[in-house]
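Chemist: Prediction below, plus the sequence it came from.
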Amino acid sequence: QVQLVESGGGLVQAGGSLRLSCAASGRTFRLYAMAWFRQAPGKERDFVAAISWSTGNTYYADSVKGRFTISRDNAKNTVYLQMNSLKPEDTAVYYCAARGGYSVSYYYPHDYDYWGQGSQVTVSS
């Protein structure tokens, strides 16, 4: 099992920045990829960004390319999401996710085995 604990959400004005962190514990040697998803009220959980744990390759949703950056610290078993130029439409609960094995896809909730508790990000206009 892998446990994920998120931190760093909050309230920010449009154009501002926030950084989310997600610390993994437990059987972290099994990590293959980690990702961030977000879910706004009444909407589905959407892919934001993902990173391969071994290669560091990154993947982004079109809506956040150029504004968000996903990164990892292997020694700390932690993944980060740096969010810049935030917009009101970025308001959502952000979830950290981890996968313990190979998959061809990084983009769907069913590609991941473990989930964090969620962190609220609110962007005011």
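Modeler: Happy to help now that I have it.
Chemist: any idea which residue sits dead centre in this protein?
Modeler: Residue closest to the average C-alpha location in the chain (CA atoms, centre = their mean): residue 36, at 1.9 Å.
Chemist: Could you measure from it over to residue 74?
Modeler: Here the criterion is CB to CB, to the nearest Å. By it, residue 36 lies 17 Å from residue 74. Glycine gets a C-beta too; all of them are placed from N, C-alpha and C.
Chemist: before we move on, back to that, isn't the residue nearest to the centre of the chain right up against residue 21?
Modeler: No - applying CB atoms under 8 Å, one finds residue 36 not in contact with residue 21, separated by 10.8 Å.
Chemist: hang on, the earlier thing: per-residue pLDDT, the residue nearest to the centre of the chain?
Modeler: For residue 36, the model assigns a pLDDT of 98.
Chemist: got a list of what it touches?
Modeler: Taking CB atoms under 8 Å, 6 or more residues apart in numbering as the criterion, residue 36 is in contact with 20, 22, 48-50, 70, 79, 81, 94-97.
Chemist: Lovely, talk soon.
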